[in-house]
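**Q** I would like the atomic coordinates for the input below:
(one chain, ligands or ions: 2)
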Amino acid sequence: MPPMVVAAEIHKHFGSLHALQGVSLEVEPGEVLCIIGPSGSGKSTLLRCINQLESVDGGAVWVDGELAGFRQEGDSLYALTDREVARQRLASGMVFQRFNLFAHMTVLANIIEGPVTVQKRPKAQMVAEAMTLLQRVGLADKRDAYPAELSGGQQQRIAIARALAMKPKLMLFDEPTSALDPELVGEVLAVMRDLAASGMTMIVVTHELGFAREVAGRVVFMDRGRIVEMGPPQQVLGSPREARTRDFIAAVL
Ligand code: ADP
Ligand code: MG
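**A** Numbering: from 1, shown residues only. Ligands and ions are numbered 1, 2, ... in the order given. Below you'll find the model as predicted:
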C-alpha cells in the first residue's frame with residue numbers, strides 16, 4: 001500500500017523565521033505517529049502544512065497519493081483552485097488543543113453540520129451516523145446538550161466525533177489534551193486509543209509520553225524546525241540517541 005502521508009523536504013518561513021527546515025516523513029495507512037518536541041519547534045506548523053491550513057515554501061506533501069495543492073498533467077503542475085484545495089483538505093480531520101465546537105449548536109448539530117452542509121449528505125442518514133459516533137465516544141446521552149454544558153474532556157470527545165463524521169482518511173491531533181484538567185485527559189486518550197485500534201491513520205502531537213509509548217508505531221522528536229530523531233517508541237523514548245531528545249524527555253516526565 002502507498003503511504004497515507006508523505007512529506008518531502010518541506011520548508012516553511014514566517015517572515016525571517018525558518019519554522020520548518022527540510023522536514024521529511026512518511027506515515028503508512030493505519031500507523032499512529034506521535035510527534036514530540038519543545039514549544040516552537042514546528043510541530044503545529046507541520047500538521048498545518050499536512051492538511052493545507054498552511055502552504056509549504058519548499059518541498060511537497062502527498063496525502064493518500066495526492067500532491068497537496070497541485071494537479072499534475074504530464075510534466076506540468078497546475079495550482080489547484082481554493083475549491084479543489086478544500087476538497088483535498090477533507091481527507092484529513094483535525095482536532096486542536098481548544099475544542100472549537102460551535103457554541104450555539106447542540107452536540108448533534110455540531111456533528112452533522114459539516115457532512116450536511118459541506119458534503120451534502122442526507123440529514124436523516126447523518127443523524128443516524130452521528131448517534132453511532134456519539135456511542136463510540138461514550139456520549140450518546142449528550143446529543144441535545146450545548147458545548148457549555150459539557151466538561152472539557154467531553155467537548156474534546158465531541159470534537160473527535162465531529163471530525164470523524166466527515167469520514168477522513170487520516171486524523172491529525174494537535175495537543176488534544178493540553179488544555180484539559182488532568183483528571184479529564186484519560187477519557188480523551190481512551191477514545192484516541194480506540195480509534196488507533198480501529199485502524200485509523202493518526203498523527204498526534206502530544207506531551208503524553210505514556211500514550212506515545214503505548215499507542216505510537218513511531219515517535220518523532222522535533223527541535224527548531226527539524227526532525228532530530230524518529231523511530232519506535234522504545235528507541236526514541238527509551239534510549240534516545242540525541243542529547244536534545246534525552247533532555248526533552250527528562251523535562252516532560
Ligand atoms: P510548536 O507547535 O512546536 O510549538 P509552531 O509550529 O506553532 O511550534 O511554531 C513554530 C515557530 O513558528 C514558532 O517560532 C512560532 O512562533 C512560529 N509561527 C507559527 N505560526 C506562525 C504564524 N502564523 N506567523 C508567524 N510565526 C508563526
Ligand atoms: Mg503547537
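**Q** hey, where'd the strands end up in the stretch 1-150 of the chain?
**A** In the stretch 1-150 of the chain, strands defined by DSSP state E, counting those that start in this stretch lie at 5-14, 17-27, 32-36, 58-63, 66-67, 70-73, 76-79, 92-95, listed in chain order.
**Q** mind listing what Lys12 touches?
**A** By C-beta atoms under 8 Å, 6 or more residues apart in numbering, Lys12 lies in contact with His18, Ala19, Leu20, Gly42, Thr45, Cys49, Glu54, Val56, Asp57. C-beta here means a position set from N, CA and C on the backbone, and glycine is covered the same way.
**Q** out of the strands of the stretch 1-150 of the chain, deepest packed?
**A** Across the strands of the stretch 1-150 of the chain, the average number of neighbours (mean count of other C-beta atoms under 10 Å) peaks for strand 32-36, which reaches a mean of 26.
**Q** any residue of that strand up close to ligand 1?
**A** No. No part of strand 32-36 sits near ligand 1 under the criterion C-beta under 6 Å from any ligand atom; the closest distance found is 8.4 Å.
**Q** pull up the pairing partners for that strand, direction included.
**A** In the sheet, strand 32-36 lines up against strand 201-205 (parallel), strand 218-223 (parallel) (DSSP bridges).
**Q** ok and that strand relative to strand 17-27, angle-wise?
**A** An angle of 160 degrees separates the directions of strand 32-36 and strand 17-27 when computed by axes from the mean of the first three to the mean of the last three C-alpha atoms, to 10 degrees.
**Q** now do the buried residues in the longest helix anywhere in the chain.
**A** The helix that spans the most residues within the chain, counting by DSSP state H, is helix 182-197. Across helix 182-197, burial judged by 16 or more other C-beta atoms under 10 Å covers Leu184, Val185, Glu187, Val188, Leu189, Val191, Met192, Leu195, Ala196.
**Q** thinking again about what came up before, now render the strands paired with strand 32-36 as JSON lines, adding mean pLDDT and mean neighbour count.
**A** Output for the strands paired with strand 32-36, formatted as JSON lines (pLDDT from 0 to 100; neighbours: other C-beta atoms under 10 Å):
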{"stretch": "strand 201-205", "mean pLDDT": "98", "mean neighbour count": "25"}
{"stretch": "strand 218-223", "mean pLDDT": "98", "mean neighbour count": "24"}
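**Q** adding distance to ligand 1, write those out as TSV.
**A** Formatted as TSV, the entries for the strands paired with strand 32-36 read as follows, by distance: least, C-beta to the nearest ligand atom, whole Å:
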stretch	distance to ligand 1
strand 201-205	7
strand 218-223	7
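**Q** what's the closest of those to Pro176?
**A** Taking C-beta to C-beta, strand 201-205 is the member of the strands paired with strand 32-36 nearest to Pro176, at 7.5 Å.
**Q** neighbouring contacts of that closest one?
**A** Contact partners of strand 201-205, identified using C-beta under 8 Å, 6+ apart, comprise 4-5, 27-36, 43-44, 47, 50, 169-176, 192, 195-196, 211-212, 215-216.
**Q** could the strands paired with strand 32-36 go into a markdown table alongside distance to Pro233?
**A** Formatted as a markdown table, the entries for the strands paired with strand 32-36 read as follows, by distance: least, C-beta to C-beta, whole Å:
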| stretch | distance to Pro233 |
| --- | --- |
| strand 201-205 | 12 |
| strand 218-223 | 5 |
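**Q** can you give me how far the helix or strand bottoming out on mean pLDDT in the chain is from the chain middle?
**A** Averaged element by element with mean pLDDT, DSSP states H and E, the chain has its least confident helix or strand at strand 70-73 (a mean of 91). Put simply, strand 70-73 sits 25 Å off its chain's centre (C-alpha atoms, centre = their mean, to the nearest Å).
**Q** give the partner strands of it in its sheet and their orientations.
**A** Within its sheet, strand 70-73 is paired with strand 76-79 (antiparallel), according to DSSP bridges.
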